[in-house]
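task: produce atomic coordinates for the following.
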Amino acid sequence: MKVRWIPTSREVYFAIRAKHGEELTVHGTITDLGEYSGSRHLMTEWGLPGADAPIVKRDDRGDEESRFYLAAVINGDDE
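As a prediction, the model looks like this:
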């Protein structure tokens, strides 16, 4: 399985979180408030419990202009 991330809007990201928020679990996270890289970086990937891949991601590197919302496009097995 391959996961490719495509940019989406803030509205789509929050619509998915609003509709499925209680079902979603954290699949991955980065929390660096600057002590490791010298700049702030917060990232969270959300998906359904038991799923092999997350479905949405928020990548925040500081201000609103450095905040990205992404949706997963999941392709089948490479075999």
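
and stretch 44-56, average pLDDT?
For stretch 44-56, mean pLDDT rounds to 94.

what lies in contact with it?
1, 3, 8, 13, 16-17, 20, 23-29, 57-58, 69-72, 74 (C-beta atoms under 8 Å, 6 or more residues apart in numbering). Quick note: C-beta positions are derived from backbone N, CA and C, even for glycine.

now the most centrally placed residue in the chain: how far from Val3?
Centroid-nearest residue in the chain, with C-alpha atoms, centre = their mean: Lys57, separated by 1.1 Å. According to C-beta to C-beta, to the nearest Å, Lys57 stands 10 Å off from Val3.

again with Thr29
From Thr29 over to Val3 the distance is 16 Å, taken as C-beta to C-beta.

what does Gly38 give?
Distance, Gly38 to Val3, by C-beta to C-beta: 28 Å.

hang on, the earlier thing: that's a strand at the residue nearest to the centre of the chain, yeah?
Yes. Counting by DSSP: H, G, I helix; E, B strand; the rest coil, Lys57 is part of a strand.

now it: how far from Gly38?
Going from Lys57 to Gly38 by C-beta to C-beta gives 23 Å.

if we can go back for a sec, what is in contact with Lys57 and Val3 at once?
Counting by C-beta under 8 Å, 6+ apart, the residues touching both Lys57 and Val3 are Ala72.
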